[in-house]
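Peer 1: need coordinates for the below:
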Amino acid sequence: ESAFLTGGEPTLRPDLPELIEYVTDRLPLTLLTNAMLLRGPRWDRLRQLIEAGRAISFQVSLDSATPERHDAHRGKGAHAGALAGIRTLVDAGARVRLAASLPEAALEEIPELHRLADTFAIRDDDRIFRPIALRGAASEGEPIRPQDVAPELTCDAQGWFWHPLSNDADMRLDLAPDASMADALAAVRTRLTDMLATHAGRLDRFVCG
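Peer 2: Numbering: from 1, shown residues only. Okay, here's the model as predicted:
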């Protein structure tokens, strides 16, 4: 069991250190971040949590191994900023995961992404390179239905969802807005049992983290 904290950008939260302490007292935590805001007093506090051995990893997304595609999506200098942030994390002794969601035309970049990960000594099992899912605003990618993926229970301001791929209606769990995590887990177990009964006991796993 583990937890993931995403956003927006989690490092903008002034209460992030307290959230990390709360979660890591109970579960390992992965923080999904652009790694571009790791400076100042807030970074000092995060570094203290890393050095204290808190069970936290930092997952940084890149849209490409080189700046062109990444910066086209996220703004000029974003690629360099992400790499600088990864270096800051690695130098602090943090566990870093590198993630890339790639259109079909860019899948040939995966070897280059591995070479980039090598420069930071990122573990093989912390390299998450996958095709774009045809979900949300995506106009291309791999079609993914809820019954195609193993659940990764997700909560946002709109409610509880089967998987973090999207908050499309078919991924939403049929729960009241104030449903607890226990309610959500029970709903997932019921839905999963039904799915396994009709899918030969197997679901694929589309890894988001």
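
Peer 1: contacts, neighbours, all on C-alpha from now
Peer 2: Will do.

Peer 1: any stretches of the protein with poor pLDDT?
Peer 2: 133-141, 199-209 (pLDDT under 70).

Peer 1: how about the strands of it, start to end?
Peer 2: Remark: strands assigned in the chain by DSSP state E are 3-5, 29-33, 56-61, 95-102, 127-131, 154-156, 159-161.

Peer 1: adding distance to Asp178, write those strands out as CSV.
Peer 2: Shown next, in CSV, are the strands of the chain (distance: least, C-alpha to C-alpha, whole Å):
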stretch, distance to Asp178
strand 3-5, 19
strand 29-33, 23
strand 56-61, 28
strand 95-102, 32
strand 127-131, 33
strand 154-156, 11
strand 159-161, 8
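
Peer 1: end-to-end on stretch 25-34?
Peer 2: 24 Å (C-alpha to C-alpha, to the nearest Å).

Peer 1: per-domain residue ranges of the chain.
Peer 2: 1-131, 133-209 (automatic domain parsing).

Peer 1: mind putting these into JSON lines with mean neighbour count?
Peer 2: Output for the domains of the chain, formatted as JSON lines (neighbours: other C-alpha atoms under 10 Å):
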{"stretch": "domain 1-131", "mean neighbour count": "17"}
{"stretch": "domain 133-209", "mean neighbour count": "15"}
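
Peer 1: could I get the CA-only coordinates of the helix of greatest length in the chain as PDB?
Peer 2: In the chain, with assignment by DSSP state H, the single longest helix is helix 181-198. Only the C-alpha atoms of helix 181-198 are listed here, as PDB (Å, rounded to 0.1, in the frame of the first residue of the first chain):
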ATOM      1  CA  MET A 181     -12.000   6.500   2.300                       C
ATOM      2  CA  ALA A 182     -13.400   3.400   3.900                       C
ATOM      3  CA  ASP A 183     -16.600   3.800   1.700                       C
ATOM      4  CA  ALA A 184     -14.400   4.300  -1.400                       C
ATOM      5  CA  LEU A 185     -12.300   1.200  -0.700                       C
ATOM      6  CA  ALA A 186     -15.500  -0.800  -0.200                       C
ATOM      7  CA  ALA A 187     -16.900   0.500  -3.500                       C
ATOM      8  CA  VAL A 188     -13.600  -0.400  -5.300                       C
ATOM      9  CA  ARG A 189     -13.600  -4.000  -3.800                       C
ATOM     10  CA  THR A 190     -17.200  -4.500  -5.000                       C
ATOM     11  CA  ARG A 191     -16.500  -3.100  -8.500                       C
ATOM     12  CA  LEU A 192     -13.300  -5.100  -8.800                       C
ATOM     13  CA  THR A 193     -15.000  -8.400  -7.900                       C
ATOM     14  CA  ASP A 194     -17.600  -7.800 -10.600                       C
ATOM     15  CA  MET A 195     -14.900  -6.900 -13.200                       C
ATOM     16  CA  LEU A 196     -12.800  -9.900 -12.400                       C
ATOM     17  CA  ALA A 197     -15.800 -12.200 -12.800                       C
ATOM     18  CA  THR A 198     -16.200 -11.000 -16.400                       C
END
